[in-house]
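[1] here are the coordinates; sequence isn't available:
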């Protein structure tokens, strides 16, 4: 065993030194009547980690400390003895090489094992050779291995299949619980667990059961979770499979369909009325055009009749022959007929 002042072994946690420093400071300020107590730090630890049996309320008049395995002071169960004035220590028959004693009487277990679990007794010897004996408990647990999930199927059909998930672990004395999408699984009438929580049964399966499942194994010291297992649920989206819809959803669908029908009917009515109105306007326009045409025709006929009533008369003018001009142009006939239009009044 190494002396208390020597550096710690590999794996020694630095926070232990801070904790011991606080304990040493307390050593000089406590009243002489304080009773020695032992505290396990941490309270429980996993196998392979360090754990400290911390001695509280050590006094100035202490001559030395002796640690024993078990609940009694027996020489064959001695682990180590430390004398303060000489800083000398003595190894006992149960010393394993992983124990380290400190000047305040605390005992450190490095790389603790499950075999270290149990009661330990500290005997404090005063300068007047009076003795004070106190016992403490050390708890070391085996690390929980990662469990695995076994499933009868990871792709199932809604309302038809049953899902059976099993949490498998080699550890004993562990507690099991199930998680769904990272949260604690809520049980229901169709979602049940076996007595030991190791088997999860979902019967019948529904679409809302699709997601990630995990199981967690734990003991008083630590815990471990399995890898997520993905469950996929197939469901029929045909109209006949709408039995899973709630009453509100069905009512909403019906209202939506009726609203659509009303909208289409309104649109058809609007187009029909517009078409009827257009045809009426076209007929009225045709009749107006026909009336105008008949009016123009009548006016034309009346005008034609008036034109037919025009009489013509001929007038003969006899012009006396004037002196022949010197020009070579032929002279007009001596007699010309001139027509004039005379309108009947």
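    Structure's in. What do you need? Values in this document were obtained by computation on a predicted structure and should not be read as measured data.
[2] which SS state does residue 268 fall under?
    helix (DSSP: H, G, I helix; E, B strand; the rest coil).
[3] now it: how far from residue 276?
    13 Å (Cβ to Cβ, to the nearest Å). In short, each C-beta sits where N, CA and C put it, glycine included.
[4] again, but for residue 267
    15 Å.
[5] and what of residue 117?
    Residue 117 is 98 Å from residue 276, by Cβ to Cβ.
[6] more crowded one of the two?
    residue 117 (17 against 10; other Cβ atoms under 10 Å).
[7] ok, the nearest residue to residue 38 once chain neighbours are set aside - contacts?
    Among residues not flanking residue 38 along the chain, residue 136 sits closest, at 3.0 Å (Cβ to Cβ, 6 or more residues apart in numbering). Contact analysis of residue 136 by Cβ atoms under 8 Å, 6 or more residues apart in numbering lists 37-40, 53, 119-120, 122.
[8] so which of the residues you listed sit within strands?
    37-40, 53, 119-120, 122 (DSSP state E).
[9] for those, which one is nearest residue 68?
    residue 120 (7.0 Å; Cβ to Cβ).
[10] that closest one and residue 271, how far apart?
    Counting by Cβ to Cβ - residue 120 and residue 271 are separated by 97 Å.
[11] show the pLDDT at residue 236.
    Residue 236 carries a pLDDT value of 83.
[12] burial of it, as a residue count?
    Neighbour tally, residue 236, other Cβ under 10 Å: 13.
[13] excluding its backbone neighbours, what's nearest it?
    Using Cβ to Cβ, 6+ apart, the closest residue to residue 236 is residue 158 (7.5 Å).
[14] give me phi/psi at the one you found?
    phi -60, psi 140 (degrees, to the nearest 10).
[15] in stretch 217-228, what's buried?
    Buried residues in stretch 217-228, defined by neighbour count with 16 or more other Cβ atoms under 10 Å: 217-219, 221-222, 224-226.
[16] go through these and name the one nearest residue 197.
    Of the buried residues of stretch 217-228, the one sitting nearest to residue 197 (Cβ to Cβ) turns out to be residue 217, at 9.9 Å.
[17] in the chain, where is pLDDT below threshold?
    1-34, 221, 238-247, 277-345 (pLDDT under 70).
[18] quick one, helices of the protein?
    Using DSSP state H, the helices found in the chain span residues 15-27, 247-308.
[19] of residue 120 and residue 271, who's got more company?
    More crowded of residue 120 and residue 271, by other Cβ under 10 Å: residue 120, with 23 against 10.
[20] correct me, but that one touches residue 72?
    No: Residue 120 is beyond contact range of residue 72, at 11.0 Å (criterion: Cβ atoms under 8 Å).
[21] list the contacts of residue 121.
    67-73, 133-135.
[22] for these, please prepare TSV with the additional fields neighbour count and distance to residue 141.
    Shown next, in TSV, are those (neighbours: other Cβ atoms under 10 Å; distance: Cβ to Cβ, whole Å):
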residue	neighbour count	distance to residue 141
67	25	22
68	24	23
69	21	19
70	14	20
71	15	21
72	11	25
73	15	28
133	14	27
134	17	24
135	14	20
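[23] among those, which are in strands?
    Going by DSSP E, the strands hold 67-69, 133-135 from these.
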